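Peer 1: what follows is a predicted structure for the sequence shown.
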Amino acid sequence: MAWLSRPLTVIGLVILAHGCYSAHEHTVLSSTSVQHPTSPSATSLPLDIYIETIAATLLICLGLVLGSGTPEPIQWHTWAGKIEREGDSTSGDADKELRSNPFNALEARSGFINISKLRSDFVKYQQLGK
Amino acid sequence: MSEQELQINPIVQDSVAHNTKTLTNLHSLTASLFGVGAGILGLESYYGFLFYIAFSITTSLLFYILQIAPSSLGEGRTVLDSGRYYRGALELWTSGIFNGLPGFILTWTLFYGLVRA
């Protein structure tokens, strides 16, 4: 659903800009017109500008909420269990180092090394070369 | 939370910082946006602050519904319980109101002046 965030925010911003322009025009017109020489503060905006502004605000709000990152579980067992089950799915590159799998050190450690076997293999290899 | 309880159920500090940062960013952004809305509508005195508080709580609610609820309810928690991601209930629901207030007033006065000039 995160892909919806950007288009929703942009559409909302356009509608909000239109609402802003309409409100400004309404104020200028009503303060300069001859028929209704009332002060700007006394005239109230038309209902459609109210609706437009509030709808645009809610739309941008929805877009921003969809675009904000998903929270991480704070309890250790929930957090580590989620990483174990779903794999390390952190998307941000900068945060990846910070919040990587806590069991990486255990998963990636090397097994026991049989030194004497390696030694005898090497001796065999040396004799083969001669 | 007692020391013993913290030892039994340890808390991931990185996740706490990440969640707080996410929520603070969201509220700072949306607070400026609500200021624009309040300025365009020409709200004055208490109505502006009521507008802000109402929309701020709406934002928290949207954040809960879209980001927290799916996994939180799946874990078997009750509705509106944010314990999976935040240490206290107040952190999610009210901390954003105070974080965004300066930004709100800034854009509110700016757009009030621009539109009503």
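Peer 2: On my side now, so go ahead.
Peer 1: phi, psi of residue A:75?
Peer 2: Backbone torsions for residue A:75, taken as degrees, to the nearest 10, come to phi -80, psi 140.
Peer 1: run a quick neighbour tally on the residue lying closest to it once chain neighbours are set aside.
Peer 2: Closest residue to residue A:75 apart from its sequence neighbours, by C-beta to C-beta, 6 or more residues apart in numbering or on different chains: residue B:9 at 5.7 Å. All C-beta atoms are positioned from the backbone trio N, CA, C, and that covers glycine. Applying other C-beta atoms under 10 Å in any protein chain shown, we find 13 residues neighbouring residue B:9.
Peer 1: I figured residue B:9 hits residue A:77, correct?
Peer 2: Yes. Counting by C-beta atoms under 8 Å, residue A:77 is a contact partner of residue B:9 at 6.9 Å.
Peer 1: helix, strand or coil: sort out residue B:43 for me.
Peer 2: Of the three states, residue B:43 takes coil under DSSP: H, G, I helix; E, B strand; the rest coil.
Peer 1: residues in contact with it?
Peer 2: Residue B:43 sits next to B:51, B:108 when contact means C-beta atoms under 8 Å, 6 or more residues apart in numbering or on different chains.
Peer 1: for residue 75, list the residues it contacts.
Peer 2: No chain in the question, so chain A it is. B:9-12, B:84.
Peer 1: ah, no, chain B please
Peer 2: A:78, B:84 are the contacts of residue B:75 under C-beta under 8 Å, 6+ apart.
Peer 1: residue B:38: which of the contacts of residue A:75 is nearest?
Peer 2: Each of the contacts of residue A:75 was scored against residue B:38 by C-beta to C-beta, and residue B:84 proved nearest at 33.3 Å.
Peer 1: what's the following helix or strand after the helix or strand of chain A with the lowest mean pLDDT?
Peer 2: Lowest mean confidence among the helices and strands of chain A (mean pLDDT, DSSP states H and E): helix A:93-96, at a mean of 49. Using DSSP states H and E, the helix or strand that follows helix A:93-96 towards the C-terminus is helix A:104-107.
Peer 1: contact partners for the residue nearest to residue A:75?
Peer 2: For residue B:9, counting by C-beta under 8 Å, 6+ apart, the contacting residues are A:75-77.
Peer 1: quick check: which element contains the residue nearest in space to the middle of chain B?
Peer 2: Nearest residue to the geometric centre of chain B (C-alpha atoms, centre = their mean): residue B:96, 3.4 Å. Assessed by DSSP H and E, residue B:96 sits inside helix B:95-115.
Peer 1: does chain A sit close to that helix?
Peer 2: Yes. Under the criterion of C-beta under 8 Å from any C-beta of the partner chain, helix B:95-115 makes contact with chain A via B:111, B:114-115.
Peer 1: and stretch B:14-34, by the same measure?
Peer 2: Yes. Using C-beta under 8 Å from any C-beta, stretch B:14-34 reaches chain A at B:14-16, B:18-19, B:22-23, B:25-26, B:29-30, B:33-34.
Peer 1: what's that stretch in contact with?
Peer 2: Under C-beta under 8 Å, 6+ apart, the answer for stretch B:14-34 is A:16, A:57, A:60-61, A:64-65, A:68-69, A:71-74, A:79, A:95, A:98-99, B:51-52, B:55-56, B:59, B:63, B:85-87, B:91-92, B:95-97, B:99-101, B:103-104, B:106-108.
Peer 1: could you give me the buried positions within that stretch?
Peer 2: B:15-16, B:18-20, B:22-23, B:26-34 (16 or more other C-beta atoms under 10 Å in any protein chain shown).
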